[in-house]
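Colleague: Give me a 3D structure for the following:
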Amino acid sequence: MQTKKSRKPVKPVTVILYIFLIALAVIYVAPLLWMLSVSFKDNAGVMAAPFALPEVFHWENYQQAWTMGKLGTALVNSVLVCGITLVVSLFFGAMAAFAIARMRWKLSEAAHTFFLIGMMVPVHCILIPLFVRFAGLGLTNSRVGLMIPYITFSLPMTIFLLTGFFKSMPGELFEAAAIDGCGIYGCFFRIALPLCRTGFFVSGLMTFVGNWNELLLAMVFISDPVKKTLPVTLTYFVGPYATNYVQMFAAIIIAIAPTVIVYCLFSNQIVEGLTTGAVKG
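Modeller: Predicted structure coming up:
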């Protein structure tokens, strides 16, 4: 006669943890759902019942926000600037992190500390001298002049994250590759980079989201409306005397959609193991 397996009692700590996680999810998701709901209303409906669901879906809000706000041009500028910044910062950051983590040289720790100090420097402290120097070099009001500080401020975090990933790699892999005649560049491109895929996803996502949402540098360095990025373009929906809330929220939904899509596509790669099964024993 078979007996039913008794269920293990749920611990109070587990219940509290799940309640906390659910509350945290609601805190993060609720504002996004509210913005999505407001973007389908008209201004009168927002003022009358801001938290109610839209009775009629006004899809024209997205069309008007796209055309009147010139979001297409701003989207292209953001993709161009953030894409080039992402590739350059990951490439040079990976080389610097590999040199610090896996190569033996006297100033490796000093170089690591130097890049860590770069994470502590706020952009507000160097904004004015940076603008003056770029103005003298003719780099203001250009996408290149905006990408240079983006890359500069992205490198310290990228190097910090990738250094930890490279240090956690088994040394036996590089020793075996050196015995087989693989040089330093072969170890970097053939072994380190493929195994550091998770590190690239983590640091790349942080770099992309941070630069995609950046406002201060883009507002100061770019004056031509044709070259402005999405965060700067969103400020045009707020006027000194009146604000079109429905178009503004529609534009915000359009602006945050790429970051949400990127995170949803690569969330599994971020959480997967780094070198699972690479070395046995």
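Colleague: Now the element after the biggest helix by length in the chain, going C-ward?
Modeller: Looking across the chain with DSSP state H, the single longest helix is helix 71-102. Using DSSP states H and E, the helix or strand that directly follows helix 71-102 along the chain is helix 108-119.
Colleague: between the longest helix of the chain and helix 108-119, how big is the angle?
Modeller: Angle of helix 71-102 versus helix 108-119, following axes from the mean of the first three to the mean of the last three CA atoms, to 10 degrees, is 150 degrees.
Colleague: so what does helix 71-102 touch, helix or strand wise?
Modeller: Applying 3 or more CB pairs under 8 Å, 6 or more residues apart in numbering; DSSP states H and E, one finds that helix 71-102 makes contact with helix 108-119, helix 143-167, helix 197-212, helix 230-234, helix 245-271. Glycine gets a C-beta too; all of them are placed from N, C-alpha and C.
Colleague: so which of the ones you listed comes closest to residue 9?
Modeller: Nearest to residue 9 among the helices and strands packed on helix 71-102 is helix 245-271 (29.3 Å), distances taken as CB to CB.
Colleague: Next, work out how far apart the residue nearest in space to the middle of the chain and residue 161 are.
Modeller: Residue closest to the average C-alpha location in the chain (CA atoms, centre = their mean): residue 209, at 2.2 Å. In this view, residue 209 and residue 161 are 14 Å apart by CB to CB, to the nearest Å.
Colleague: cool, and residue 122?
Modeller: From residue 122 over to residue 161 (counting by CB to CB), the distance is 20 Å.
Colleague: quick revisit: give me the buried positions along the longest helix of the chain.
Modeller: Across helix 71-102, burial judged by 16 or more other CB atoms under 10 Å covers 71, 73-75, 77-78, 81-82, 85-86, 88-90, 93-102.
Colleague: chain center to it, what's the gap?
Modeller: Per CA atoms, centre = their mean, to the nearest Å, the displacement of helix 71-102 from the mean C-alpha position of its chain is 11 Å.
Colleague: can you check stretch 225-234 too?
Modeller: 18 Å.
Colleague: what does it rub up against?
Modeller: If you take CB atoms under 8 Å, 6 or more residues apart in numbering as the criterion, stretch 225-234 is touched by 69-71, 73-75, 77-78, 81, 141-143, 146, 212-215, 218-219, 222, 248, 251-252, 255.
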